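> here's my sequence, what's the structure:
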Amino acid sequence: MPAHISPPPDGIHLGITPTCWTSDDFPLIGNDIPMEQCLSEIALAGFEGCSIGHTFTTDVHALTAAMHLRGLSVSEPWVSTYFTVPDGPERCARDLLKVLEFLKRFNAGGPPVKTRVIGAAEFGRSVHLQALSLRSNKPEFTDEQWTDLCEGLNRIGEITARQGFTLAYHPHMGTGVQTEQDVDRLMRHTDPRHVGLLLDTGHLTWAGADLTGIVERHRDRITHVHLKNVRGGVHADRTLAAGSFREYVEAGVFTVPGDSDGHIDFDTFLKVLRPGDSYRGWLVVEAEQDPRGGHPPLHYAQTARAYLAEALN
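Here you go, the predicted model:
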C-alpha cells in the first residue's frame, strides 16, 4: 500500500472493479487496456482486491499468480441469474458450479483476503444491454416470475452457503430489480440465511432510492457494498431522457467517490452504514465509464482511495 495512504479500519477491505478501466457490459469500451495494467494500477492506488474483468485471463493459475504478485484478492466473483426466463435455472446452476470451482482453486492459493461473497443479479428480461430507453422499458415481473426469482435465489444461496460463501443480490438499472420497492420485495421473499444484499449506491441512487432508508430497513442483509457515484449533470441531462444504459454510461453518468462531479453524499452514507463501525466486509469502488473520456482510470482510482482514506478514519 502506498506509504501516504492510511489502511482501512479493522474488518473493512477496500476493492475496486475493473469497470473503471474496461466495461464488462460493453466489452469494446476499454478493451485495449491489458489485464496487467489494470491490476498494477489497482495495487498502485492502494486497493486490496477487485472483481474479475472480462479481459482477465481464464487460466486460474495465471490469474492467481498475477493477482498475488500485486497482493490482490478477488473482492467478489459474479453469477448472472435467469430465473424469470425459460431454461434459465439450468444455466444458473452450471455457471454457479464454475464460480465455486474457481473460488476453491483461487482461495487455495492463499490470497491475502479469502473471498466469501458471490454477487448476483437477475438478467432475465433485462434491457440494460439493449438500445432501448431505460425510462420506458423497465422490466416488470409477474407475481409468478417474482416467485421463480426468489425461490431460485434461495436455492443457489443455500448451495453457496454450504460451500462457505454468501450470495449477495445486486439491484441494477434496466432489470426487474432496480427500484427501492423492488429491493424491499426481494428482501421480504428471500431467505435471510442464504440471500444477502449487495448495495450499489450508484444504481439505487439513479433509480431514485433513498439509500439511508434501504440501509436502515435491510442493515442485517447487507453483505457487500459497491461505492459508485452519479454525476448529477449527466443524470439530469434532458437530451438523455430517453437514453439507453449504454448511452448514459458513455456520457459519463457514473464516477467514483471523491469526484466533485458526483452528487452522492458518501460522508453521510458511510456514517449510516457503519454506526459504531458495525459494517464489516468489502467496500468496492465502481465506476462504469469510458476510459477515453475525462481523466485516465488511475486518476479516478487514486481519487477514490484518497477520499476513503479520509472518510473512514
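> just the residues contacting stretch 203-223, thanks.
117, 166, 168, 170-173, 178-180, 183-184, 187, 192, 195-199, 201, 226, 228, 230, 235, 253, 264, 268-269, 272-273, 278-279, 281 (C-beta atoms under 8 Å, 6 or more residues apart in numbering). Where C-beta positions appear, they are placed from N, C-alpha and C, glycine not excepted.
> and that stretch, how far out from the chain's middle?
Mean C-alpha position of stretch 203-223 versus that of the full chain (C-alpha atoms, centre = their mean, to the nearest Å) differs by 14 Å.
> same question for that stretch, mean pLDDT?
Averaged over stretch 203-223, pLDDT sits at 98.
> next step: the contacts of stretch 203-223 restricted to helices.
Residues of those located in helices (DSSP state H): 180, 183-184, 187, 201, 235, 268-269, 272-273.
> what's the neighbour count on the residue nearest to residue 226 when sequence neighbours are not counted?
Nearest residue to residue 226, sequence neighbours excluded (C-beta to C-beta, 6 or more residues apart in numbering): residue 200, at 4.1 Å. Residue 200: 24 surrounding residues under other C-beta atoms under 10 Å.
> just to revisit the earlier point, report the buried members of the ones in helices among the contacts of stretch 203-223.
Among the ones in helices among the contacts of stretch 203-223, the ones that count as buried by 16 or more other C-beta atoms under 10 Å are 180, 183, 187, 201, 235, 269, 272-273.
> now, the most widely separated pair of these?
By the measure C-beta to C-beta, 187 and 235 form the most distant pair in those, at 25.5 Å.
> and residue 41, how far is that from residue 22?
12 Å (C-beta to C-beta, to the nearest Å).
> quick one on the thing from earlier: ok, the ones in helices among the contacts of stretch 203-223 vs residue 161, which is closest?
Using C-beta to C-beta, the ones in helices among the contacts of stretch 203-223 come closest to residue 161 at residue 187, 16.8 Å.
> would you confirm that the closest one contacts residue 197?
Yes: contact criterion C-beta atoms under 8 Å: residue 187 and residue 197 qualify, at 6.6 Å.
> the nearest residue to residue 84 once chain neighbours are set aside: what's it in contact with?
What sits nearest to residue 84 in space, not counting adjacent residues and going by C-beta to C-beta, 6+ apart, is residue 124, at 3.7 Å. Taking C-beta under 8 Å, 6+ apart, we find residue 124 in contact with 81-85, 88, 145, 149, 176.
> residue 124 in helix, strand or coil?
With DSSP: H, G, I helix; E, B strand; the rest coil as the basis, residue 124 sits in coil.
> mark which of the contacts of residue 124 are buried, thanks.
Looks like the contacts of residue 124 have 81-85, 88, 145, 149, 176 buried, using 16+ other C-beta under 10 Å.
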